[in-house]
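S.K.: fold the following and give me the result.
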Amino acid sequence: MRLVLDTNILVSGLLSPKGPPGTLVAAWLDLRFELVTSAEQVAELRRVLAYEKLRPFLSQEQARDFVENLEALAVVAADLPLITASPDPDDNLILATAVAGRADAVVSGDKAHLLVLRAVEGIPILSARAAVAKLGLWRE
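M.R.: Residues are numbered from 1 along each chain as shown. Here you go, the predicted structure:
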């Protein structure tokens, strides 16, 4: 299965390994599914992980290591199409990544702009909890 994890899911999973986002990040690192990303999303992730408010929870070394793992292990989609389904350009970037990367689903915690869409070009948009259930992932 090929999934796009929205940047909010990646950050949540990195900051808190417990819960559905953390379960998804751990499952990806265990190669339980293919993560699809794009250079544009990696740039957004770098920007977000550098926020001052995250420093008490995440060292710059941890952030750098995570991004390096992402670049090494994820499928990087290119030639993103123009998608305008969401009023948020960052969300449209995630949707375009899914379309270009032929993802099976997008996973997001953004109820206002992404989850409400339910799908883009036939690709379902799932909550982290729904994705964990769909993949049959449970913490032991």
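
S.K.: show me the strands in this protein, by range?
M.R.: 2-5, 34-38, 75-77, 105-107, 119-120, 123-126 (DSSP state E).

S.K.: count the residues that sit near residue 78.
M.R.: 10 (other Cβ atoms under 10 Å). Placement of C-beta: from N, CA and C, glycine included.

S.K.: how about it, what does it touch?
M.R.: 38, 39, 100 (Cβ atoms under 8 Å, 6 or more residues apart in numbering).

S.K.: do the same with residue 70
M.R.: Applying Cβ under 8 Å, 6+ apart, the residues near residue 70 are 10, 35, 37, 42, 45.

S.K.: looking at these, which is nearest residue 121?
M.R.: Using Cβ to Cβ, residue 37 comes nearest to residue 121 of those, at 17.7 Å.

S.K.: the closest one: how many residues sit nearby?
M.R.: Residues near residue 37, counting by other Cβ under 10 Å: 24.

S.K.: next one, pLDDT for the residue lying closest to it once chain neighbours are set aside please.
M.R.: Closest residue in space to residue 37, ignoring its immediate chain neighbours: residue 74 at 4.5 Å, by Cβ to Cβ, 6 or more residues apart in numbering. Here the pLDDT value assigned to residue 74 is 97.

S.K.: does residue 74 touch residue 35 like I think?
M.R.: Yes: look at residue 74 against residue 35 with Cβ atoms under 8 Å: they come within range, at 4.2 Å.
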